[in-house]
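A.B. asks: Model the following, please.
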Amino acid sequence: MPVGQTNWRWCHKCQGMYFGGSATQGVCPAGGQHDHTGSGNYDLAHDWAAAPGQSNWKWCNKCQGLHFGGSPGVCPAGGAHSIAGSGDYKLVMNAWETPAQTNWLWCNKCQGLHYGGSPGVCPAGGTHILPAAEIIVWLTPKNLFIMIRGRSWEGRLFCW
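C.D. replies: Numbering: from 1, shown residues only. Model (predicted):
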């Protein structure tokens, strides 16, 4: 049975993805709290082992942001991101013909997920930086394909 968590929002100030269902909107690296004006309501796969996608995406209880858990990254609330209380979130990358939104990118400075339509404000300083490799994953009815290309990668978020 699919398990998702709603209330994930895009902050138009920093371009980051954050959890908007907490008592606070979290610390925004662009100043003040995150602001989800104009954002959709994103539903992320949460603690669902059978869900397709890349696991180890975590919620930071200090800034409310979504970041890759393979590294603690830089938190706009100070220090490293804190994953205490976080589940395991999965992001499906580049699966065509799905109800997904393109242009979500991982910043290798802060480890956060941000929308690539604008470089946004990175809590590690300056704007978000894109990694050097593009990972493209797509499914057909009978096959799973993975391709890595030399440039930034783009993730897509599914609505479950």
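A.B. asks: Would you check how far apart the residue sitting nearest the centre point of the chain and Ala23 are?
C.D. replies: What sits nearest the mean C-alpha location of the chain, by CA atoms, centre = their mean, is Leu113, with 3.4 Å. Going from Leu113 to Ala23 by CB to CB, to the nearest Å gives 22 Å. C-beta coordinates here come from the backbone N, C-alpha and C atoms, glycine included.
A.B. asks: residue contacts, Cys107?
C.D. replies: Contact analysis of Cys107 by CB atoms under 8 Å, 6 or more residues apart in numbering lists Leu113, His114, Cys122, Ala124, His128, Ile129, Leu130.
A.B. asks: same thing but at 10 Å, please
C.D. replies: The neighbours of Cys107, taking CB atoms under 10 Å, 6 or more residues apart in numbering as the test, are 15-16, 67-68, 73-74, 113-114, 116, 119-120, 122-124, 127-131, 152.
A.B. asks: now the residues you listed: which count as buried?
C.D. replies: The neighbour count (16 or more other CB atoms under 10 Å) marks 15-16, 67-68, 73-74, 113-114, 116, 119-120, 122-124, 127-130, 152 as buried among the contacts of Cys107.
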